[in-house]
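just to be clear, the model below is a prediction. Sequence and coordinates:
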Amino acid sequence: MNGGPVARPDNMTKENGAAGPQGNKRGNNLAVPGDDLGDSEGFEPGHGVLVMSGRLKALKKGRIMEKGRLISVEPVHTRYTPRPGDLVIGFIEGCTNNLWFVELGAPFNAILPMSLGPGKVDFGGTRSLMDVGDAILCRVQEVEETHSSVVTMKGMGLRKIRSGVIEEIDPHLLGRIIGKGGETLRRMKAETECRIVVADNGRMWIDGELDGILDVRNRLSEISRVSRGGRN
Amino acid sequence: MGGYGDVQMIDENGVRADGRGPGDIRPITIETGVVPVADGSCRMTWGTNEAIVAVYGPMEAHPRKIQRQDRAVLDVAYNMAPFSTTDRMRPGFNRRSREVSKVTQDALESVVLLELYPRSKIRISIEIVSAEAGTRCVGLTAASVALADAGIPMTDLVVSVASGKINDVVVCDLNKEEDNYGEADLPMGILPNSGELVFLQMDGDLSQDEFKQAWKYNMDAAQEIHKLMVEALKEGDSQ
């Protein structure tokens, strides 16, 4: 034998391998801010990693990911930050004569100019198309360095949301809802007979029969509860 | 500081009134995610001190005049609950809480990567639920855990701990009696990975040797507390 530690029924800990081989995957290692991730020689610092005097340093609480030479820390919990191309659900929070302000759950409101809106109306007629409080499905067009972003409604399936409900979950739980290759989400859609659109900012549009919608909501709150370690 | 008193708080064997040795700290528990609506939160008990910290943000800074075009601003509010001490605290801000908020903010500004969030604000509310002695240390330490819990990028956690002098002996982590009747108090904010200082205050007088001893006690205690902080942060998301 190779002399490695063996887990016996009376001695079951993660350290001696009781958790199985998946416990040793690098992706499951958690880092906290300030953690030393080793020499920076030969590695590229990715998201959540900084090089300080030749050492890689974690900046966030998250899982350590290694992709070739790129080392990054995927945060366990974070606010949504818009990235170009993201599909998002936003609420109209204000309008001027020729543009709308859209709330995305990010630090700053996005701008939706008339030219990228759902249709053309006269100058000053923005509220006749979409009013304050309306929900829209849109896509992030561009994000500036100062974090102000522009969203667009020109594209396949982008529209004002007129039916169904919108649920909000922490953006970092999206992976759990979608599952590998979308398997979990597909199963949830089939079992509840609901139409579900998952947006990148942690909002979901659920449309269907009332029973189905309630079923989806219960499942979502269960996922949130489990992710908090059973606390609520 | 009460100045030199005749209260005997440490015996000739170096055992203090509560049974600790000179370099021992009070028991500490740390828990994250205690405020569900906040982006990050932490409850820390340290002896009979207890602090709850909630972090919100980054979000758009309001009013606009406080915005900085090149970095985020921190908004730290340290507050003691009216029921946190035996004498009722008058609710609201006072001179002391403003001072503690300010030094906590300065300490945290040196670790948070503010330049990643221009025009934003990060709000940190420190609420002292039960106060014994060293609440600014509890508040600062818990705030750094809550910031990490909120996923805000920082170069390091901050551990804050105080040492002081009682009956001419340097001891670590003063309790209420030692703080009130002792001769000096030296709270420090330490970055545990690099050993750098982000916060240092001194109340009372220490000789050079005493200062060095207090420094050493704080540095050693910081490593001990840092382990608990890391454990608490990792445990909160073990699933």
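Received the coordinates, thanks.

so A:R79 makes contact with A:H147?
No. Checked against CB atoms under 8 Å, the pair A:R79 and A:H147 is beyond contact range at 11.3 Å. (Each C-beta comes from the backbone N, C-alpha and C, glycine too.)

now do the shared contacts for the two.
Counting by CB atoms under 8 Å, 6 or more residues apart in numbering or on different chains, the shared contacts of A:R79 and A:H147 are A:106-107.

so between those two, which is more surrounded?
Set A:R79 next to A:H147 and count neighbours by other CB atoms under 10 Å in any protein chain shown: A:R79 wins out with 23 against 20.

quick check: closest non-adjacent residue to that one.
Of all residues not flanking A:R79 in the chain, B:D39 sits nearest, at 6.1 Å (CB to CB, 6 or more residues apart in numbering or on different chains).

got a pLDDT number for the one you found?
The score at B:D39 is 90. That number is its pLDDT.

so who does it touch?
Counting by CB under 8 Å, 6+ apart, B:D39 has contacts A:77, A:79, B:55-57, B:150-151.

what's the lowest-pLDDT member of these?
A:H77 (77).

residue contacts, the closest residue to that residue other than its chain neighbours?
Distances taken as CB to CB, 6+ apart put B:G151 closest to A:H77, at 4.8 Å, once the chain neighbours are dropped. For B:G151, the contacting residues are A:60-62, A:75-79, B:39-40, by CB under 8 Å, 6+ apart.

reformat the residues you listed as TSV; add secondary structure and distance to B:A222.
Below are the contacts of B:G151 laid out as TSV (DSSP: H, G, I helix; E, B strand; the rest coil; distance: CB to CB, whole Å):
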residue	secondary structure	distance to B:A222
A:K60	coil	21
A:K61	coil	19
A:G62	strand	23
A:P75	strand	25
A:V76	coil	24
A:H77	coil	25
A:T78	coil	27
A:R79	coil	29
B:D39	coil	26
B:G40	strand	21
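
may I ask which of those has the most neighbours?
A:K61 (33 neighbours).

does that residue touch A:G34 like I think?
No. The pair A:K61 / A:G34 is not scored as a contact, 10.3 Å apart, by CB under 8 Å.

residues near B:V7, how many?
Other residues close to B:V7 by other CB under 10 Å number 14.

could you double-check that it sits in contact with B:Y181?
Yes. At 4.6 Å, B:V7 counts as touching B:Y181 under the criterion of CB under 8 Å.

what sits against the most centrally placed residue in chain A?
Centroid check for chain A by CA atoms, centre = their mean gives A:P171 as the closest residue, at 3.1 Å. By CB under 8 Å, 6+ apart, the contact set of A:P171 is A:78-80, A:105, A:200-202.

of those residues, closest to B:R98?
Looking at the contacts of A:P171 and their distance to B:R98, the nearest is A:R79, at 28.1 Å (CB to CB).

for that closest one, what are its contacts?
A:105-107, A:171, B:39, B:57-59, B:150-151.

filter the residues you listed to the buried ones?
Buried by 16 or more other CB atoms under 10 Å in any protein chain shown: A:105-107, A:171, B:39, B:57-59, B:150-151, out of the contacts of A:R79.

residue boundaries of the helices in chain A?
For chain A, applying DSSP state H gives helices covering A:126-129, A:174-178, A:183-192, A:210-227.

can you put the contacts of B:D39 in a markdown table and add distance to B:G92?
Output for those, formatted as a markdown table (distance: CB to CB, whole Å):
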| residue | distance to B:G92 |
| --- | --- |
| A:H77 | 32 |
| A:R79 | 30 |
| B:V55 | 22 |
| B:Y56 | 20 |
| B:G57 | 23 |
| B:A150 | 26 |
| B:G151 | 31 |
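
tell me the one among the residues you listed nearest to A:V121.
A:R79 (33.3 Å).

need phi/psi at the closest one.
phi -70, psi 160 (degrees, to the nearest 10).

before we move on, what about B:V145?
Note on B:V145: backbone dihedrals following degrees, to the nearest 10 are phi -70, psi -40.

equivalent analysis for B:A222, please.
The phi/psi pair for B:A222 (degrees, to the nearest 10) is phi -60, psi -40.

and for the one 5 residues further on?
In this entry, B:K227 is assigned phi and psi values of phi -60, psi -40 (degrees, to the nearest 10).

state the distance from it to chain A.
11 Å (CB to the nearest CB, to the nearest Å).

over to B:A17?
Using CB to the nearest CB, one obtains 35 Å as the distance from B:A17 to chain A.

was I right to think that residue contacts B:E177?
Yes. Between B:A17 and B:E177 there is a contact under CB under 8 Å: 6.4 Å.

so which residues of chain B form strands?
B:28-32, B:40-46, B:49-60, B:73-80, B:120-130, B:159-166, B:169-172, B:184-191, B:196-200, B:203-204 (DSSP state E).

any stretches of the chain with poor pLDDT?
No chain specified, so I'll use chain A. Applying pLDDT under 70 to chain A flags the ranges A:1-28, A:228-232.

switch to chain B, that's the one I care about
In chain B, residues with pLDDT under 70: B:1-6, B:236-239.
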